[in-house]
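Novice: give me a model of this one.
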Amino acid sequence: MTTISAQRRAIISIAVCAVFLPATSAFSQSFDHNYTAWNALLAKHVKWLPDNKQSRANYKGFAADRAELKQVLDGLSAVTQAQFNAWSKDQQMAFLINAYNAFTIEIILTKYPDLKSIKELGSFNRGPWKNEFFTLLGAKRHLDWIEHEQLRPKYAEPRVHVAVNCASIGCPALFPEAFTATKMEAMLEDGMRRFLGDRTRNKYEGGKLQVSNIFKWFKEDFEKGNKGFVKLEDVFAKYADLLTTDETARNQIKAKSVSISHLDYDWSLNDAGK
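Specialist: Numbering: from 1, shown residues only. So this is what the prediction gives:
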């Protein structure tokens, strides 16, 4: 009887493994790293302006597709920490960037169309970026957690500042497509080139560089040696050809011999309808 019982237990164990292990494996592989649904919403509701440097979001359109957006957000919230930990660095970055941008749109829609800036959300001493209004990786989170506790300190990628979007005109453009691991490098570099080529936010004028406050607020991220940037001037030297058409000025920027000032930041909503 003991032998029979042991055989039965072995058979049952094998059967359980046959049922649950493939399911577990399938679940771990089921996340859509192409972000098909999110990509479709972005392609539908975010458009480049004619200069191809800035974009505008159709928040009215996003509001009409709120159910589809909720499915995207629910899908992001369903990812576990264990799943996330098993992904590659670029897969993790794509997830966090897309989550930041998707939940930013969601928080705008909580008051849209009755707001002119994301800064109108939140309380006097607790802005919208500290509002724990969503769940990610198993806990309640806020937008600053994604940017300042995850993306910036853990991935050593200064160009992330052209990927996360604060729903403002002064911010680097919201891409009309989802970030993916396979396109990460290309999209980050494209974002930098569009942003630094936008003369409304970065320009050479009056004998000096006038650049976005992003390079003031996050200066340290551009001075850690990542991507060859040891000091802020290294960034502008690399992209000098985008900052001015004047050859003499370009050479000065490349030689890192120009002074730098910062432009006012436009917090107006990047709304296609306004």
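
Novice: and stretch 59-78, what's its mean pLDDT?
Specialist: The average pLDDT within stretch 59-78 is 98.

Novice: contact partners of it?
Specialist: Residues from elsewhere that reach stretch 59-78 (C-beta atoms under 8 Å, 6 or more residues apart in numbering): 31-32, 37-38, 40-41, 44-45, 95, 98-99, 102-103, 105-106, 108-109, 112-113, 134-136, 269, 271-273. For every residue, glycine as well, the C-beta is placed using N, CA and C.

Novice: buried stuff in it?
Specialist: Buried residues in stretch 59-78, defined by neighbour count with 16 or more other C-beta atoms under 10 Å: 59, 62, 65, 69, 72-73, 76.

Novice: also stretch 163-182?
Specialist: 163-176, 178-181.

Novice: again, but for stretch 108-124
Specialist: Applying 16+ other C-beta under 10 Å to stretch 108-124 flags 108, 112, 115, 117-119, 121-122 as buried.

Novice: over to stretch 198-210?
Specialist: 198, 201-204, 209-210.

Novice: go on, stretch 87-94?
Specialist: 87, 90-94.

Novice: let me know the closest of these to Pro158.
Specialist: Met93 (12.7 Å; C-beta to C-beta).

Novice: Validate this expectation: the closest one resides in a helix.
Specialist: Yes. Assessed with DSSP: H, G, I helix; E, B strand; the rest coil, Met93 lies in a helix.

Novice: gap between the residue nearest to it when sequence neighbours are not counted and Lys89?
Specialist: Once flanking residues are discounted, Met93 sits nearest to Tyr155: 5.6 Å by C-beta to C-beta, 6 or more residues apart in numbering. With the distance defined as C-beta to C-beta, to the nearest Å, Tyr155 ends up 7 Å from Lys89.

Novice: quick one, what contacts Asn213?
Specialist: 170, 262-265.

Novice: can you do 7 Å?
Specialist: 262-263, 265 (C-beta atoms under 7 Å, 6 or more residues apart in numbering).

Novice: return the member of those nearest to Lys130.
Specialist: Using C-beta to C-beta, those come closest to Lys130 at Tyr265, 18.6 Å.

Novice: what number of residues lie near that closest one?
Specialist: 17 (other C-beta atoms under 10 Å).

Novice: over to Lys154?
Specialist: Using other C-beta under 10 Å: Lys154 sits among 12 other residues.

Novice: how distant is the helix or strand hosting it from the center of its chain?
Specialist: In this assignment (DSSP states H and E), Lys154 forms part of helix 152-155. Here helix 152-155 is found 13 Å from its chain centre; the criterion is C-alpha atoms, centre = their mean, to the nearest Å.

Novice: so what touches that helix?
Specialist: Taking C-beta under 7 Å, 6+ apart as the rule, helix 152-155 contacts 89, 93, 160, 221.

Novice: thought the third one was touching Leu151?
Specialist: Read that as Val160. Yes. Using C-beta atoms under 7 Å, Val160 makes contact with Leu151 at a distance of 5.0 Å.

Novice: what about His148, distance to Ala255?
Specialist: 34 Å.

Novice: how about Val230?
Specialist: 15 Å.

Novice: would you double-check that His210 falls in a helix?
Specialist: No His there; residue 210 is Gln. No. Assignment of Gln210 by three-state DSSP gives strand, placing it outside any helix.

Novice: for it, list the residues it contacts.
Specialist: 203, 261, 263.

Novice: for the first one, what are its contacts?
Specialist: Looking back up the chat, that one is Lys203. 210, 243.

Novice: quick check: phi and psi at it.
Specialist: phi -160, psi 160 (degrees, to the nearest 10).

Novice: what ranges does the chain have for its helices?
Specialist: Applying DSSP state H to the chain gives helices spanning 2-28, 36-45, 59-64, 66-77, 81-85, 89-109, 143-144, 152-155, 184-196, 214-217, 232-238, 240-243, 247-254.
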